[in-house]
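# Next input, structure requested:
(chains A and B)
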There are 2 protein chains.
Amino acid sequence: MKNLLLLFFCTMSFTLIQAQEDIHKEKIDAIYTEALTKGKAYEWLDHLSNNIGGRLSGSLNAERAVQWGKDELDEVSLDRVFLQDVMVPKWVRGTFEYASIITGPGRSMNVPVCSLGGSVATPSAGLLARVVEVKSFEELEALGEAKVKGKFVFYNRAMPSDLINTFEAYSKSVNQRSRGAAVAARLGAVGVIVRSMNLRLDDYPHTGAMYYGDLPNKLRIPAAAISTNGAQLLSSMLSLNADLDFYLKQDCRNFPDVPSHNVVGEIKGSEFPDEIIVVGGHLDSWDLGDGAHDDGAGIVQSMEVLRLFKAMKYIPKRTIRVVLYMNEENGLRGGKAYAKYAKNNKENHIFALESDAGGFSPRGFVFEASPEQFNQVSSWKTYFEPYLANNFKLGGSGADIGPLRNGKIVLSGLRPDSQRYFDHHHAANDTFDAINKRELELGAAAMASLVYLVDQYGF
Amino acid sequence: MKNLLLLFFCTMSFTLIQAQEDIHKEKIDAIYTEALTKGKAYEWLDHLSNNIGGRLSGSLNAERAVQWGKDELDEVSLDRVFLQDVMVPKWVRGTFEYASIITGPGRSMNVPVCSLGGSVATPSAGLLARVVEVKSFEELEALGEAKVKGKFVFYNRAMPSDLINTFEAYSKSVNQRSRGAAVAARLGAVGVIVRSMNLRLDDYPHTGAMYYGDLPNKLRIPAAAISTNGAQLLSSMLSLNADLDFYLKQDCRNFPDVPSHNVVGEIKGSEFPDEIIVVGGHLDSWDLGDGAHDDGAGIVQSMEVLRLFKAMKYIPKRTIRVVLYMNEENGLRGGKAYAKYAKNNKENHIFALESDAGGFSPRGFVFEASPEQFNQVSSWKTYFEPYLANNFKLGGSGADIGPLRNGKIVLSGLRPDSQRYFDHHHAANDTFDAINKRELELGAAAMASLVYLVDQYGF
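Down below sits the predicted model:
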């Protein structure tokens, strides 16, 4: 009798689990159908990219984007939409950025360059100097002050093309951009020219943040990115004539911090309102393109997660929040301000999801989680198999949600296909026409599906 | 002692298997590195797309492509390169294709159309008739001859956007294009207009093959594709005025078959030369674009598989053959001729791999295989995990290798991400600029890795 009862309960519980799984499958299928047939992500991104455009922190466009984000979230009929004050750096590109290789008396070749974000200007007449080409800081240090002083340092280490994940390739090269000027300045260089972080050979210079660290103001030297084709050209000209001159002129400028905002929207949880799940991307972008992939895509996908739940009349158990973070690109002030707000209000965030890797076909997610937590999310992989978004890995999640890290919260990042990302990243061709509607929508659906499962089970 | 010996042999064999796996991992890593850093696929595709261009069977360009394929394979220093004779259909688009919606006396709106491949021309003055819009053959049959006779049939069933695999969505709609004219003609229609097989709303009409079957010549009616935006417009105009007229004029034409060729290249196997592994794509393309994705990508990826082996000095155990099939698009004559050649020569093909789904990021492979064979290939999935090409499934492989099916051979198709494919498929925007170099190269590397493993183990 006891055995029979045990069998009965086992069968019952197996049946219940099966039924539960079927319900989840159905719900996730409904999420994908809604996103692919009636999604708003693409229309939103069209507006953000084409009617607002590039929106660097501190710019008028950034404030327009804040207002647009709030207005659109208001339209979704969330329980609460509000702005969070945050002071952000203000750097302005200025009106010109111009460079040429001086190949001989009265002869020069223009090369495409752009100022790096945070860089100082050149003198108003521009800078003319010889060039020393290096591939690494080690190589530069070995040359020493004697061979660097008074020259441009040309950092020409390409992103390695044999790595499958292009973000890994980026991480192998980006220190040239972020710290190159500070390192070169200490050796007496007058400026730095950095090969664009781009795996393709093309004519787009790619901007991005650079930092002088604790370098005194008077030692700060201008920094510019050169297109990959430009870098190839400069390198080959140097191999013909190591004594050629390079000319750079740019009038970018740093200003004091200015006020800006994160945009926050939420659906209050019906059972556990104090457990908060947050999803987001960054609202600011670089100024050369319209920031469609970086990170307009993440913004509209995050907004879409909450819109999908409302459209499907899904009532979440936990509080679901979307945050459009300000200033990821050159300060991370928005991410820090949000984490501070959460801490000050003693909020209990159980899960944070970020989309900031482009609007391409989703391949899966990365997680920062304990082994038990990762086991739990891994048990959901099968739900993502039909959508080919089932590559779940441990790894760094995202910049904006990083400040929420506290040893308990699970952090996650959407991981789309990375092959095309650095063709557009921080360049003038990061534009809406490079977005595929279905790829963008599939990313939003994958995110909503993951948030749905976390909402169902918690951690 | 016996137990100790057993343990010894178990440990040895485990160690050997481990060593073998490490060798495979290294080899596959080397394949990817060569493809991503010194690959020729992109450069080849540039030439095929931009210097030759669209290459419909029977055209001068198709013969140029044959010569180019042979010349390039000769450069790779294979053991044998040869042409296979094959007679192919010849259909020519002609000099004009033109359509408009007549909205009132003297008022009309042009809509983008293109003739479907195989269609007859309109009378030289064009065709003017009313329009009946349907979503399916069932709907058309239900209307019957009374409501169809003397009119255009407008097939307007969209590809369903909620399916994740866009090829499935294609298969749900493509019968309108392939058989629509034959069905409508029997009900007395004067012509058919077919909504383009495209998931996007845009202005590109998408061509493709259509067949009249056994319909007598005198009953054959012209068939044209209309862009998705054009289809939306026509449908909404019809909802306002069901009696509007549609005007179509096209002068395409069918000619008698002409001679053409498959291009075949091979590396002779060093241990089992009689076991043949074949990899290929189709050399012909539609004529509106330059056929970069369909199927220039498959051509250069297949050529690259053999070039990679030569570049790496890999000596295959089995014979590895590349076939550039002619006439996949509107006849499959090349695929049939190759299978016939193999049969006539009593060749033993153990594996055939096709790439004909675009040059996008590879996600995995489909296989036509016995359960045992599929178990074997599935055991190799882990090798493809680091490259995110590990989605292995049973399913239809490819058109050109289909005729090789004999119950023993394993057939396989590369499966790239499918989201963007039908944006370009058979349209004027299937062009080289829509190709991403890395995505193309990753596909070639995945194919070479699979061929390498089959070569190592056989079936």
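# Could you identify the helix or strand that succeeds the helix or strand containing residue A:297?
For residue A:297, the host element (DSSP states H and E) is helix A:297-311. Counting by DSSP H and E, the next helix or strand C-terminal to helix A:297-311 is strand A:318-325.
# next helix or strand past that following strand?
Immediately after strand A:318-325, counting by DSSP H and E, sits helix A:333-344.
# Centre of the chain to stretch A:179-199, how far?
23 Å (CA atoms, centre = their mean, to the nearest Å).
# Please export the C-alpha coordinates of it as CSV.
This file holds the C-alpha atoms of stretch A:179-199, laid out as CSV (Å, rounded to 0.1, in the frame of the first residue of the first chain):
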residue,chain,number,x,y,z
ARG,A,179,45.3,53.8,-22.2
GLY,A,180,47.5,54.4,-25.2
ALA,A,181,47.7,58.2,-24.8
ALA,A,182,48.5,58.0,-21.1
VAL,A,183,51.3,55.5,-21.7
ALA,A,184,52.7,57.4,-24.7
ALA,A,185,52.5,60.8,-23.0
ARG,A,186,54.8,59.7,-20.2
LEU,A,187,57.5,58.9,-22.8
GLY,A,188,57.2,62.4,-24.3
ALA,A,189,54.9,61.6,-27.3
VAL,A,190,53.0,64.6,-28.7
GLY,A,191,49.9,62.6,-29.8
VAL,A,192,48.7,59.1,-30.5
ILE,A,193,47.0,57.5,-33.5
VAL,A,194,45.2,54.3,-32.8
ARG,A,195,44.2,51.6,-35.3
SER,A,196,40.4,51.3,-35.2
MET,A,197,38.9,48.4,-33.3
ASN,A,198,37.5,46.8,-36.4
LEU,A,199,38.1,43.3,-37.9
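# what mean pLDDT does that stretch have?
Per-residue pLDDT over stretch A:179-199 has a mean of 98.
# which parts of that stretch are buried?
Buried positions in stretch A:179-199, judged by neighbour count with 16 or more other CB atoms under 10 Å in any protein chain shown: A:180-199. C-beta here means a position set from N, CA and C on the backbone, and glycine is covered the same way.
# show me which of the residues you listed neighbour chain B.
Contacts with chain B are made by residue A:199 out of the buried residues of stretch A:179-199, judged by CB under 8 Å from any CB of the partner chain.
# From the buried residues of stretch A:179-199, which land in strands?
Here DSSP state E is the test, and those give A:191-195 as lying in strands.
# Just the closest of those to residue B:412, please.
residue A:195 (39.8 Å; CB to CB).
# Can you tell me who the closest one pairs with across the strands?
Applying DSSP bridges to residue A:195 gives these bridge partners: residue A:226.
# wouldn't it be in contact with residue A:226 here?
Yes. Between residue A:195 and residue A:226 there is a contact under CB atoms under 8 Å: 6.3 Å.
# who does the helix of greatest length in chain A touch, helix- and strand-wise?
The residue-count maximum for a helix in chain A (DSSP state H) belongs to helix A:2-38. Contacts defined by 3 or more CB pairs under 8 Å, 6 or more residues apart in numbering or on different chains; DSSP states H and E place helix A:2-38 against helix A:297-311, helix A:381-384, helix A:437-457.
# what inclination does it have with respect to helix A:297-311?
120 degrees (axes from the mean of the first three to the mean of the last three CA atoms, to 10 degrees).
# Helix A:2-38 vs helix A:437-457, what angle?
Using the same axes, to 10 degrees: helix A:2-38 against helix A:437-457 is 150 degrees.
# Which positions within the following helix or strand past helix A:2-38 qualify as buried?
The helix or strand immediately downstream of helix A:2-38 is helix A:41-46, counting by DSSP H and E. Using 16+ other CB under 10 Å as the test for burial, helix A:41-46 gives A:41-42, A:44-46.
# now do stretch A:265-283
Going by neighbour count (16+ other CB under 10 Å), the buried part of stretch A:265-283 is A:265-267, A:269, A:275-283.
# list the contacts for the residue nearest to the spatial centre of chain A?
Geometric centre of chain A, nearest residue: residue A:356, 3.8 Å, by CA atoms, centre = their mean. Under the criterion of CB atoms under 8 Å, 6 or more residues apart in numbering or on different chains, the neighbours of residue A:356 are A:281-282, A:294-295, A:298, A:328, A:398-400, A:413.
# Quickly note the distance from it to residue B:16.
Residue A:356 is 45 Å from residue B:16, where distance means CB to CB, to the nearest Å.
# now swap in residue A:372 and tell me
With CB to CB as the criterion, residue A:372 and residue B:16 are 37 Å apart.
# Between residue A:195 and residue A:226, which contacts overlap?
Contacts common to residue A:195 and residue A:226, judged by CB under 8 Å, 6+ apart, are residue A:154.
# gap between the two ends of stretch A:404-411?
Taking CA to CA, to the nearest Å, stretch A:404-411 runs 8 Å from one end to the other.
# Which of the buried residues of stretch A:265-283 sits closest to residue A:152?
residue A:282 (32.0 Å).
# so that closest one sits right up against residue A:327, yeah?
Yes. Residue A:282 lies in contact with residue A:327 (CB under 8 Å); the separation is 7.5 Å.
# joint contacts of those two?
Joint contacts of residue A:282 and residue A:327 (CB under 8 Å, 6+ apart) are residue A:334.
# Run a quick neighbour tally on residue A:253.
Neighbour count for residue A:253, taken as other CB atoms under 10 Å in any protein chain shown: 14.
# what's the closest residue to it other than its chain neighbours sitting at in phi/psi?
Ranked by CB to CB, 6 or more residues apart in numbering or on different chains and with sequence neighbours excluded, the top spatial neighbour of residue A:253 is residue A:92, at 5.4 Å. For residue A:92, the backbone dihedrals (degrees, to the nearest 10) come out as phi -120, psi 130.
# next one: residue A:220
Per-residue torsions, residue A:220: phi -70, psi 130 (degrees, to the nearest 10).
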